[in-house]
Structure formats: structure tokens, C-alpha cells
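Got a predicted structure plus its sequence, pasted below:
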Amino acid sequence: MPLKDIDKRFWKRVKELAKSNMKDTTYDYLIAPAQLISVNGNDAKVLVDSNFHKDYWRRQQDLVNTASLETYGDIINYHLLSKDELSEKDYKELNKLNAASSNDGNVENDEETAPFPFKSNLLKKYTFDNFIEGDQNRMTLAAAMTITDDPGNLYNPLFIFGGSGLGKTHLLHAIGNEFHKKRPRAKIIYTSSEGFVTDYVNASRKKQMDIFVSKYRNLDLLLLDDVQFFSDKEGTKNEFFSTFNELYEKDAQIVLTSDRPPNELDNLEERLVSRFSWGLTTNITMPDFETRMAILMNKAEKSGFIFPDETISYIAGQINSNVRELEGALNQVEFAAKMEKVAVVDTTFAEKALDTMRSSNYRQHKSNLTITKIKDEVARYYHLTVADLTGPKRLKEIAFARQVAMYLIRELLGTSLPAIGNEFGKRDHTTVIYAVRVITDKMKTDNDTQRDIDNLKRKLDS
Ligand code: ADP
Ligand code: MG
């Protein structure tokens with residue numbers, strides 16, 4: 001039975017009442033997307049997005065009663081259905097309704113196609129097209145492409161791990177962009193783990209958990225970056241656990257990245273870590289020389305300068321830490337070429353440009369600022385001893401203070417990574433890279449860290 005005019009009036013009234021009774025955001029996320037499918041006698045069928053939406057709608061009984069008394073002079077029972085509960089008949093009804101409303105301008109259709117109201121955060125510049133394949137990322141790339149064709153199935157979740165600057169974030173966005181291309185209406189969110197945590201904390205503070213839940217639990221694709229930075233703020237992990245389960249159960253695709261494999265994620269509980277391994281875990285490592293050349297060539301082509309092969313191979317040979325630094329080196333050379341108006345960048349020129357970059361890393365520093373002074377100040381700031389900082393303890397607070405100290409030494413003195421490692425009980429330079437990265441990232445997302453660094457810099461400056 002198609003909807004009669006009176007049914008449409010009833011539904012319009014329900015939404016009007018809802019709108020005047022709740023916050024706009026709640027209305028937009030929870031009420032607006034629902035659709036009236038049919039009214040037969042006293043029974044109405046309503047399509048909602050998820051079980052969560054059902055719960056919310058159930059609490060709107062008074063409102064629906066008011067609208068139905070006003071319109072029909074009688075109480076209507078409304079039955080809430082999610083998409084997979086629709087019978088074939090309901091489904092046909094719904095299709096007819098939607099077809100009618102898109103063909104016929106008379107039918108009110110403002111709510112029917114309410115778009116997903118959250119930003120996907122996808123960066124267009126990261127695509128599969130500009131991700132260079134090599135032995136070290138072949139399997140990851142293949143899996144990443146597969147899930148855009150066959151999401152929520154074989155590789156769910158897809159867990160990508162590997163060191164900093166090796167293309168994990170690039171791949172997440174590439175998956176998102178491709179997914180969006182193939183399914184323009186899919187609900188996609190890219191977020192860092194800190195982003196998720198911040199969202200959660202804000203939502204619970206503002207008492208808007210309903211919005212948070214409708215944001216993350218209705219997704220078709222969740223791209224969660226850097227799960228090693230998941231902090232254990234109250235409630236956050238439980239929320240993530242529930243989100244994960246709900247998405248997984250409805251075959252939404254989940255992709256996670258981390259700098260280490262699941263079993264080394266000591267910030268997360270076992271039950272979550274074990275879920276991470278349900279799909280496919282894949283590792284990306286530093287590209288070999290040939291792949292590095294291919295990455296550089298691809299970028300150099302777009303630069304407007306001519307880079308002979310020897311120059312490319314020279315740069316590829318110089319940088320073997322990660323792709324980000326590789327790109328940084330190329331940028332540095334391009335910049336020098338621009339400044340000196342060189343059209344063809346030969347090896348000698350590149351060599352000189354890279355040398356300048358290295359030496360400028362050793363910034364001019366205040367003559368009285370030393371490594372010892374930074375260690376002292378950081379230890380005092382966090383109420384620890386210098387021995388705590390340089391010793392083997394792995395307590396969270398100590399490890400964090402140690403990372404701050406490493407970061408400040410690198411930032412303020414430009415000391416080399418191995419030398420910094422040495423200063424902290426002969427730790428490996430990769431530990432220092434990691435520390436600098438953690439603090440740099442945290443400063444972007446965590447006010448406390450930002451404040452600590454500012455305070456410490458001020459103290460060290462005086
Ligand atoms: P991660 O998230 O692993 O730290 P990113 O994804 O941020 O690393 O990558 C760092 C930079 O290196 C980005 O600019 C990215 O585009 C580039 N990059 C990494 N791997 C590749 C690759 N295989 N091909 C092209 N660019 C790459
Ligand atoms: Mg990243």
C-alpha cells in the first residue's frame with residue numbers, strides 16, 4: 001500500500017514534533033534519517049539505520065502518539081525495522097517510495113536521503129595511483145586493494161604495521177578514496193587513535209554520546225591510524241571494543257595501522273588485540289633501492305626540474321631510513337634548485353644541497369644549553385630523577401618523560417640520533433626516532449603534551 005497523503009502528514013508531524021523537542025544534532029543524526037515505509041490500519045513500519053537508532057526511537061513513543069492522535073484521531077503502533085529486517089514486500093515498497101520521491105517533485109523528500117553528516121577526513125592526495133609498489137609493500141598493497149572490491153569479508157580487519165614514514169597513512173587514505181569512488185554513498189571515516197579518543201572524551205563531556213555512537217557505529221569503513229597511541233583514558237577502550245564488535249558483526253570493513261604487530265601492543269587489552277588478528281596482519285618495511293628510485297622518480301617528474309638518473313640514484317642511496325625522509329631530501333634538493341635557478345639537477349648539486357640540510361639540522365643553540373641541562377630540567381618537571389630517565393625502567397610516566405627529553409634534545413640542540421640514544425643508557429637510535437615522533441604527534445592532538453613542551457622550553461630558555 002503506497003503512502004496516503006494522511007500518512008505523509010502524520011510522518012511530517014512526527015518530525016516537526018521531534019525537531020522542536022530535541023537538539024538539532026540529535027535530530028539530524030537520529031531522527032531525520034528514518035523513513036516511513038507503510039501504514040496499514042493502526043500499524044506503521046519505520047525504517048531506521050541501526051539497532052541503536054531503534055532504541056532511540058522507542059523512547060519517542062509520546063511524540064508519535066501525539067502526532068498520530070492529531071492526524072488519525074487514533075494511536076498508531078510503529079514497528080522499527082533495520083534494512084536487513086525488511087521483508088521483500090517492504091523492500092519493494094521502499095524502492096517504490098524512493099523512486100516516486102525522486103521522480104515526482106510533489107513528494108516531500110527532504111529527509112529521505114539525509115547524507116552521512118560526518119566528515120570522512122580523507123586526503124585526496126593519497127591514492128593507490130601514486131603509491132609505488134615494491135617487494136616490501138606488495139602484499140599489503142594487494143590486500144588494501146582487495147578490500148575496496150570485497151569489503152568486510154576476507155581481510156577484516158586489515159592490520160597494517162611498519163615503521164614510521166613507510167606509507168601506512170598514505171595507504172589508509174588510498175583505501176578510503178578508492179572505496180568512496182566505488183561506493184559514493186558509503187560512510188567512511190579516517191581518524192587517528194588520538195582523534196577517536198578526543199572525540200570520545202568530548203562527547204562524554206558534552207553528554208553527546210548518542211552522536212558519537214551514531215558516528216562510529218554506522219560506518220561502512222573505519223580507517224584507524226596508529227593504534228599504538230591508543231591512550232587508556234577511562235571508557236575509551238571499552239567504547240572502541242564495542243565499536244569494533246558492532247562494525248565487525250555487520251561486516252563493515254575495519255583497517256588499522258600501528259608501528260608494531262598486534263601482539264606487541266601493550267597499551268591494549270588482550271581481547272582487543274586478539275580481534276586485530278582475525279583478518280589479515282601485514283607488514284611494510286623500508287623499500288629497497290630500486291623502489292626508492294621509483295618513488296623519487298615519480299615525485300621528481302612532477303617537480304619541473306630535470307633529475308638525471310644518477311642524481312636520483314644518489315639520493316636513493318643516501319637515505320635509507322624511511323620514505324618520509326626520502327621525500328624530505330628530494331624536497332630539499334628541489335628547493336635549492338629553485339633558489340639557484342638550476343634546471344638540470346646533477347649529482348654534485350644534490351650532494352651540496354643535502355650537505356646544507358644536514359648541517360642546518362645542527363641549529364645554532366644557546367651556548368649555555370646542554371644535554372645535561374635538558375635532562376635535569378625534564379626530570380625535575382616530572383618529579384623524577386635523571387637516573388630514571390636514563391635507566392631501563394619502562395613505567396609509562398618515566399617512558400613519557402624520557403621521550404620528552406629526547407625530543408627536546410633533538411629539537412633544541414640538533415644532536416644526532418645515535419648520540420641521543422647513547423645519552424639514555426645506550427638506547428638504539430630507532431628508539432629516539434620513535435620518541436621524537438611520539439612527542440611531535442602528541443603535541444598536535446594532546447593539550448597536556450603541548451603545554452609540557454611549552455613550559456619546558458620556556459624554563460630552558462631562561
Ligand atoms: P606512515 O604513516 O607509515 O608514517 P606515511 O603514509 O605518512 O607514513 O608516508 C610518509 C610519506 O611517504 C608520505 O608522503 C607518503 O606519500 C610517502 N610514501 C610512503 N611510501 C610510499 C610509496 N610506496 N610510494 C609513494 N609514496 C610513499
Ligand atoms: Mg602515519
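Yep, that arrived. Ligands and ions are numbered 1, 2, ... in the order given.

okay, CA-based contacts and neighbour counts for the rest of this
Noted.

What parts of the stretch 151-300 of the chain come near ligand 1?
Proximity of the stretch 151-300 of the chain to ligand 1, by Cα under 6 Å from any ligand atom, involves residues S164, G165, L166, G167, K168, T169, H170, I295.

So which of these belong to helices?
Of those, the ones assigned to helices by DSSP state H are K168, T169, H170, I295.

Could I get these in a markdown table, plus columns for pLDDT and neighbour count?
Output for those, formatted as a markdown table (pLDDT from 0 to 100; neighbours: other Cα atoms under 10 Å):
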| residue | pLDDT | neighbour count |
| --- | --- | --- |
| K168 | 96 | 24 |
| T169 | 96 | 23 |
| H170 | 97 | 17 |
| I295 | 97 | 22 |
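
what ranges do the helices span in the stretch 151-300 of the chain?
Secondary structure of the stretch 151-300 of the chain by DSSP state H, counting those that start in this stretch: the helices cover 168-182, 193-205, 209-216, 236-249, 270-276, 289-301.

Serialize those to CSV and add fields for distance to T431.
Shown next, in CSV, are these (distance: least, Cα to Cα, whole Å):
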stretch, distance to T431
helix 168-182, 19
helix 193-205, 21
helix 209-216, 33
helix 236-249, 26
helix 270-276, 23
helix 289-301, 24
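
Name the surrounding residues that touch the helix or strand hosting K19.
According to DSSP states H and E, K19 maps onto helix 5-21. Here helix 5-21 makes contact (Cα atoms under 8 Å, 6 or more residues apart in numbering) with Y27, I31, A32, L36, V39, L63, V64, A67, S68, T71, Y72.

can you give me how far that helix is from the chain middle?
Distance of helix 5-21 from its chain centroid, counting by Cα atoms, centre = their mean, to the nearest Å, is 37 Å.

which parts of that helix are buried?
Using 16 or more other Cα atoms under 10 Å as the test for burial, helix 5-21 gives D7, K8, R9, F10, W11, K12, R13, V14, K15, A18, K19.

again, but for stretch 228-244
Buried residues in stretch 228-244, counting neighbours by 16+ other Cα under 10 Å, are found at Q228, F229, F230, T236, K237, F240, T243, F244.

between those residues, which is nearest D210?
Nearest to D210 out of these is T243 (Cα to Cα; 12.8 Å).

If you rank every helix and strand of this protein by mean pLDDT, what lands last?
When the helices and strands of the chain are scored by mean pLDDT, DSSP states H and E, helix 88-103 comes last with a mean of 65.

In JSON lines: the ones in helices among the residues of the stretch 151-300 of the chain next to ligand 1, plus distance to H79.
Listed next are these as JSON lines, based on distance: Cα to Cα, whole Å:
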{"residue": "K168", "distance to H79": "44"}
{"residue": "T169", "distance to H79": "43"}
{"residue": "H170", "distance to H79": "44"}
{"residue": "I295", "distance to H79": "56"}
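
Which pair in those has the greatest spatial separation?
T169 and I295 (16.1 Å).

returning to that earlier point: return the members of the contacts of helix 5-21 classed as buried.
The neighbour-count test (16+ other Cα under 10 Å) marks Y27, I31, A32, L36, V39, L63, V64, A67, S68, T71 as buried among the contacts of helix 5-21.

need those in a markdown table with secondary structure, pLDDT and distance to ligand 1, can you?
Putting the buried ones among the contacts of helix 5-21 into a markdown table (DSSP: H, G, I helix; E, B strand; the rest coil; pLDDT from 0 to 100; distance: Cα to the nearest ligand atom, whole Å) gives the following:
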| residue | secondary structure | pLDDT | distance to ligand 1 |
| --- | --- | --- | --- |
| Y27 | helix | 81 | 36 |
| I31 | helix | 84 | 37 |
| A32 | coil | 83 | 37 |
| L36 | strand | 89 | 44 |
| V39 | strand | 89 | 51 |
| L63 | helix | 84 | 48 |
| V64 | helix | 88 | 49 |
| A67 | helix | 86 | 52 |
| S68 | helix | 84 | 54 |
| T71 | helix | 82 | 56 |
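
Which pair of these spans the longest distance?
Spanning the widest gap among the buried ones among the contacts of helix 5-21 are Y27 and V39, at 22.6 Å by Cα to Cα.

Break this structure down into its domains, please.
For the chain, the structural domains run 5-102, 138-284, 289-365, 371-461, going by automatic domain parsing.

can you list those in CSV and add distance to D129?
Shown next, in CSV, are the domains of the chain (distance: least, Cα to Cα, whole Å):
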stretch, distance to D129
domain 5-102, 34
domain 138-284, 8
domain 289-365, 11
domain 371-461, 27
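
out of these, nearest to L122?
Using Cα to Cα, those put domain 138-284 closest to L122, at 5.7 Å.
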